[in-house]
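[1] quick one: sequence plus predicted model below, questions after.
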Amino acid sequence: MPQRNDVEIYKGETVDLPFAMDPEEDIDGWTIVFTLKARADEASALLTANGEAVDAAAGTFKIPLTHDETVLLDAGVYAYDVQRTDTGSEYPLSIGKFTVKQDVLYP
């Protein structure tokens with residue numbers, strides 16, 4: 001069962017979203033994909049990104065998002081998930097709301 005984690009960022013922010021397996025599990029060799037949609041039931045993704053292990057043995061990883069990716073998002077609330085996508089081991093790791101806050105520089 002996926003963990004529920006809500007995320008907040010600012011429009012245009014470069015950020016590494018941190019995640020940790022609970023219970024701790026070795027994620028060495030896993031393919032992890034982040035998907036952002038306007039709503040969970042939407043067909044197309046607004047943004048996808050690959051996860052990167054921080055400490056694979058401890059089950060920690062990050063989802064790096066760049067300024068060029070986040071500046072394209074309007075302020076608002078979206079739906080996201082993080083999935084393990086290895087053949088035969090596909091399952092969600094984290095789901096939740098993804099809030100983009102408006103800043104002053106990138107209206």
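    Perfect, I can see it now.
[2] tell me the centre residue of the chain?
    For the chain, the residue sitting closest to the mean C-alpha position, by Cα atoms, centre = their mean, is Phe34 at 4.2 Å.
[3] need the longest strand for this protein.
    Identified as the longest strand of the chain according to DSSP state E is strand 91-101.
[4] now do that one: distance to the chain's middle.
    On the basis of Cα atoms, centre = their mean, to the nearest Å, strand 91-101 sits 6 Å off its chain's mean C-alpha point.
[5] buried ones in it?
    If you call a residue buried by 16 or more other Cβ atoms under 10 Å, then strand 91-101 has these buried ones: 93-96, 98, 100. Where you see a C-beta, it was placed from the backbone N, CA and C, and this is true even at glycine.
[6] likewise for stretch 58-76?
    Under the neighbour-count criterion of 16+ other Cβ under 10 Å, stretch 58-76 has 59, 61-63, 65, 69-71, 73 buried.
[7] who's in contact with it?
    Applying Cβ atoms under 8 Å, 6 or more residues apart in numbering, the contact partners of stretch 58-76 are 9-22, 24-27, 32, 34, 36, 46-47, 49-54, 82, 99-102, 106.
[8] try 7 Å this time
    Identification of contacts with stretch 58-76 by Cβ atoms under 7 Å, 6 or more residues apart in numbering yields 9, 11-21, 24-27, 32, 34, 46-47, 49, 51-54, 82, 100-102, 106.
[9] from Phe98, how far out is the nearest residue to Glu13 once chain neighbours are set aside?
    Sequence neighbours aside, Thr70 is the residue nearest to Glu13 in space, at 5.4 Å (criterion: Cβ to Cβ, 6 or more residues apart in numbering). Using Cβ to Cβ, to the nearest Å, Thr70 is found at 10 Å from Phe98.
[10] also Asp86?
    The gap separating Asp86 from Phe98 is 24 Å, by Cβ to Cβ.
[11] nothing else from me, thank you.
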